[in-house]
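**Student:** What follows is a predicted protein model with its sequence.
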Amino acid sequence: TVLYSFDSKRLASADEKGVVKIWEMPAGTLLRTINAHSEIVQSVSWAEDNKTIVTGSLDKFVKLWNSDTGENLMSMDAGSDIWGVDLTSSGDHILVGCADGSVAFLDSKGKVLARIEAMETPVTSIAASPDGTVMAAGSPRGAVAIIDVEARRVRFTLNGPGLPVWSLAFTPDGRHILSG
């Protein structure tokens, strides 16, 4: 997993050993190594402050980090392998896609605000819209659930050609979803 910060000055990379590295860009200088998880890190996401990152792992934990110091700000056992994490633009919600097909909505302290069944298969990817009102959750069977963040319910599901959805992204205007 690799993801640029919002200002493109940093890059977070995560590996199969549970390690997250923070890089200064464009020079590619390693700034920090964080021994984040005991299993593979499936997903990493930046907050808009360009300092805070959230990680999700097959060790079932969601963790929030200060990328400047490497300090763990929050750690929460989701009870299921985690395949995707994202933060809403306001930072009010941490969105967690789990192997059991559920999506958890957490606050920044790790408190579970809600948990919904998004699909019958694992949630393999997750993305919040730029305004934070909608999120998308992908599946290994090609479905993408569109979820209302405030109401915490699935609005509808898009069914693709049956190929796995490993990544999702909204366009900057939030009008379109890209899947891969």
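**Tutor:** Arrived safely, thanks for sending. Numbering: from 1, shown residues only.

**Student:** okay, CA-based contacts and neighbour counts for the rest of this
**Tutor:** Noted.

**Student:** For burial, what's the neighbour tally of residue 158?
**Tutor:** For residue 158, the count of nearby residues is 11 (other Cα atoms under 10 Å).

**Student:** Centre-most residue in the chain?
**Tutor:** residue 85 (1.7 Å; Cα atoms, centre = their mean).

**Student:** what about residue 31, which helix or strand?
**Tutor:** According to DSSP states H and E, residue 31 maps onto strand 29-35.

**Student:** now stretch 152-160, how far from the centre of its chain.
**Tutor:** With Cα atoms, centre = their mean, to the nearest Å as the basis, stretch 152-160 stands 18 Å off its chain's centre.

**Student:** Check stretch 43-51 too.
**Tutor:** Chain-centre distance of stretch 43-51: 9 Å, with Cα atoms, centre = their mean.

**Student:** Stretch 154-166 now?
**Tutor:** Using Cα atoms, centre = their mean, the offset of stretch 154-166 from its chain centre is 17 Å.

**Student:** got it, and stretch 157-171?
**Tutor:** Relative to the centre of its chain, stretch 157-171 is centred 15 Å away, using Cα atoms, centre = their mean.

**Student:** ok, and what's touching it?
**Tutor:** Residues from elsewhere that reach stretch 157-171, judged by Cα atoms under 8 Å, 6 or more residues apart in numbering: 124-130, 136-146, 176-180.

**Student:** Compute the mean per-residue pLDDT across stretch 10-26, please.
**Tutor:** Across stretch 10-26, pLDDT averages out at 97.

**Student:** Give the buried residues for that stretch.
**Tutor:** Neighbour counts using 16 or more other Cα atoms under 10 Å place 10-15, 18-24 of stretch 10-26 among the buried residues.

**Student:** Quickly run through the sheet partners of the strand holding residue 31, with directions.
**Tutor:** Paired with strand 29-35 in the same sheet, following DSSP bridges, are strand 19-24 (antiparallel).

**Student:** What number of residues are in the vicinity of residue 178?
**Tutor:** Other residues near residue 178 come to 12 when the count uses other Cα under 10 Å.

**Student:** What helices and strands are in contact with the helix or strand containing it?
**Tutor:** Per DSSP H and E, residue 178 falls inside strand 177-179. Other elements packing on strand 177-179 under the criterion 3 or more Cα pairs under 8 Å, 6 or more residues apart in numbering; DSSP states H and E are strand 168-170.
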